[in-house]
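*Asks:* Below is the sequence, then the predicted model.
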Amino acid sequence: MSSPHGVLIVEDDRDVREAIAAFLAAEGYEVTEAEHGAHALQQLAMGSFCLILLDLYMPTMDGWTFRSEQLGDPALAAIPVVIISADPDVVPTGVALGAVASMRKPLDLGKLLETVARHC
(Lines give C-alpha, C1' and ligand atoms only; values in the text may rest on other atoms or scores of the structure.)
Protein backbone atom coordinates (compact mmCIF):
# COMPACT_ATOMS: atom_id res chain seq x y z
CA MET A 1 0.00 0.00 0.00
CA SER A 2 1.27 3.46 -0.80
CA SER A 3 1.00 6.48 1.43
CA PRO A 4 -0.42 9.87 0.45
CA HIS A 5 3.22 10.83 0.01
CA GLY A 6 3.76 8.14 -2.59
CA VAL A 7 4.90 8.96 -6.08
CA LEU A 8 3.75 6.79 -8.99
CA ILE A 9 6.24 6.63 -11.87
CA VAL A 10 4.63 5.56 -15.15
CA GLU A 11 7.45 4.90 -17.59
CA ASP A 12 8.04 2.02 -20.01
CA ASP A 13 11.84 2.32 -20.08
CA ARG A 14 12.93 0.20 -17.12
CA ASP A 15 16.31 1.93 -16.75
CA VAL A 16 14.75 5.40 -16.67
CA ARG A 17 11.95 4.26 -14.34
CA GLU A 18 14.32 2.57 -11.91
CA ALA A 19 16.74 5.52 -11.92
CA ILE A 20 13.96 7.99 -11.07
CA ALA A 21 12.61 5.61 -8.42
CA ALA A 22 16.03 5.18 -6.80
CA PHE A 23 16.63 8.93 -6.82
CA LEU A 24 13.27 9.75 -5.20
CA ALA A 25 13.54 6.88 -2.71
CA ALA A 26 16.94 8.20 -1.63
CA GLU A 27 15.22 11.53 -0.98
CA GLY A 28 12.71 9.81 1.32
CA TYR A 29 9.75 9.37 -1.01
CA GLU A 30 7.75 6.17 -1.24
CA VAL A 31 7.83 5.19 -4.89
CA THR A 32 5.67 2.81 -6.91
CA GLU A 33 6.51 1.91 -10.50
CA ALA A 34 4.28 1.13 -13.47
CA GLU A 35 5.46 0.20 -16.95
CA HIS A 36 2.42 1.58 -18.83
CA GLY A 37 -0.90 3.29 -18.26
CA ALA A 38 -2.98 0.18 -17.63
CA HIS A 39 -0.50 -0.98 -14.98
CA ALA A 40 -0.64 2.51 -13.45
CA LEU A 41 -4.42 2.33 -13.13
CA GLN A 42 -4.01 -0.98 -11.27
CA GLN A 43 -1.45 0.60 -8.92
CA LEU A 44 -3.72 3.60 -8.30
CA ALA A 45 -6.52 1.25 -7.25
CA MET A 46 -4.27 -0.23 -4.56
CA GLY A 47 -2.87 2.91 -2.93
CA SER A 48 -2.93 6.65 -2.60
CA PHE A 49 -0.47 8.98 -4.20
CA CYS A 50 0.46 12.64 -4.03
CA LEU A 51 1.86 12.77 -7.58
CA ILE A 52 2.10 10.83 -10.84
CA LEU A 53 5.13 11.12 -13.13
CA LEU A 54 3.79 10.15 -16.54
CA ASP A 55 5.61 9.28 -19.74
CA LEU A 56 3.62 9.77 -22.96
CA TYR A 57 4.85 7.10 -25.35
CA MET A 58 4.29 3.63 -23.87
CA PRO A 59 2.94 0.30 -25.13
CA THR A 60 -0.39 -1.14 -23.95
CA MET A 61 -1.74 2.23 -22.74
CA ASP A 62 0.00 5.51 -23.59
CA GLY A 63 0.06 8.65 -21.48
CA TRP A 64 -2.80 10.34 -23.32
CA THR A 65 -5.13 7.38 -22.80
CA PHE A 66 -4.06 7.01 -19.18
CA ARG A 67 -4.73 10.69 -18.51
CA SER A 68 -8.18 10.42 -20.08
CA GLU A 69 -8.99 7.41 -17.88
CA GLN A 70 -7.60 9.16 -14.80
CA LEU A 71 -9.63 12.32 -15.37
CA GLY A 72 -12.75 10.23 -15.96
CA ASP A 73 -12.48 8.62 -12.52
CA PRO A 74 -13.54 10.98 -9.71
CA ALA A 75 -11.39 9.05 -7.22
CA LEU A 76 -8.25 9.66 -9.30
CA ALA A 77 -8.88 12.91 -11.15
CA ALA A 78 -7.42 15.18 -8.46
CA ILE A 79 -4.02 13.46 -8.31
CA PRO A 80 -1.57 15.88 -9.96
CA VAL A 81 0.40 14.68 -12.97
CA VAL A 82 3.84 15.71 -14.23
CA ILE A 83 4.50 14.77 -17.85
CA ILE A 84 8.01 13.39 -18.43
CA SER A 85 8.91 12.82 -22.07
CA ALA A 86 11.65 13.16 -24.66
CA ASP A 87 9.04 14.70 -26.97
CA PRO A 88 10.12 18.25 -27.91
CA ASP A 89 6.49 19.36 -27.54
CA VAL A 90 6.26 18.10 -23.96
CA VAL A 91 5.32 21.51 -22.51
CA PRO A 92 2.32 22.26 -24.77
CA THR A 93 1.26 18.62 -24.52
CA GLY A 94 1.40 18.84 -20.73
CA VAL A 95 -0.73 21.98 -20.77
CA ALA A 96 -3.26 20.28 -23.06
CA LEU A 97 -3.41 17.30 -20.68
CA GLY A 98 -3.88 19.50 -17.61
CA ALA A 99 -0.55 18.51 -16.06
CA VAL A 100 0.88 20.55 -13.19
CA ALA A 101 4.29 20.48 -14.89
CA SER A 102 6.10 19.04 -17.89
CA MET A 103 9.73 17.98 -18.07
CA ARG A 104 11.82 16.93 -21.03
CA LYS A 105 14.09 13.90 -20.74
CA PRO A 106 16.84 13.68 -19.77
CA LEU A 107 15.39 15.06 -16.56
CA ASP A 108 16.89 17.87 -14.54
CA LEU A 109 16.97 16.09 -11.16
CA GLY A 110 16.96 19.34 -9.19
CA LYS A 111 13.84 20.53 -10.99
CA LEU A 112 12.26 17.09 -10.55
CA LEU A 113 12.92 17.13 -6.81
CA GLU A 114 11.50 20.67 -6.48
CA THR A 115 8.36 19.65 -8.35
CA VAL A 116 7.83 16.49 -6.31
CA ALA A 117 8.39 18.41 -3.05
CA ARG A 118 5.82 21.03 -4.11
CA HIS A 119 3.11 18.38 -4.55
CA CYS A 120 4.03 15.83 -1.88
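*Replies:* Arrived safely, thanks for sending.
*Asks:* Distance of the residue nearest to residue 29 when sequence neighbours are not counted relative to residue 88?
*Replies:* Spatial nearest neighbour of residue 29, chain neighbours left out: residue 7 (5.2 Å); criterion: C-beta to C-beta, 6 or more residues apart in numbering. Bear in mind the C-beta positions are built from the backbone N, C-alpha and C, glycine included. For residue 7, the distance to residue 88 (C-beta to C-beta, to the nearest Å) stands at 25 Å.
*Asks:* repeat for residue 61
*Replies:* From residue 61 to residue 88 the distance is 23 Å (C-beta to C-beta).
*Asks:* tell me the contacts of the spatially most central residue of the chain?
*Replies:* The residue lying closest to the centre of the chain (C-alpha atoms, centre = their mean) is residue 53, at 1.5 Å. In this structure, residue 53 makes contact with 7-11, 20, 81-82, 84, judged by C-beta atoms under 8 Å, 6 or more residues apart in numbering.
*Asks:* mind running it again at 10 Å?
*Replies:* By C-beta atoms under 10 Å, 6 or more residues apart in numbering, the contact list for residue 53 reads 7-11, 17, 20-21, 24, 31, 33-34, 81-84, 101, 103, 107, 112, 115-116.
*Asks:* got it, and residue 42?
*Replies:* By C-beta under 10 Å, 6+ apart, the neighbours of residue 42 are residue 34.
*Asks:* Am I right that it is in a strand?
*Replies:* No - applying DSSP: H, G, I helix; E, B strand; the rest coil, one finds residue 42 to be helix, outside a strand.
*Asks:* The longest helix anywhere in the chain packs against which elements?
*Replies:* Longest helix in the chain, counting residues (DSSP state H): helix 14-26. In terms of contacts (3 or more C-beta pairs under 10 Å, 6 or more residues apart in numbering; DSSP states H and E), helix 14-26 is packed against strand 6-10, strand 30-34, strand 49-54, strand 81-85, helix 109-119.
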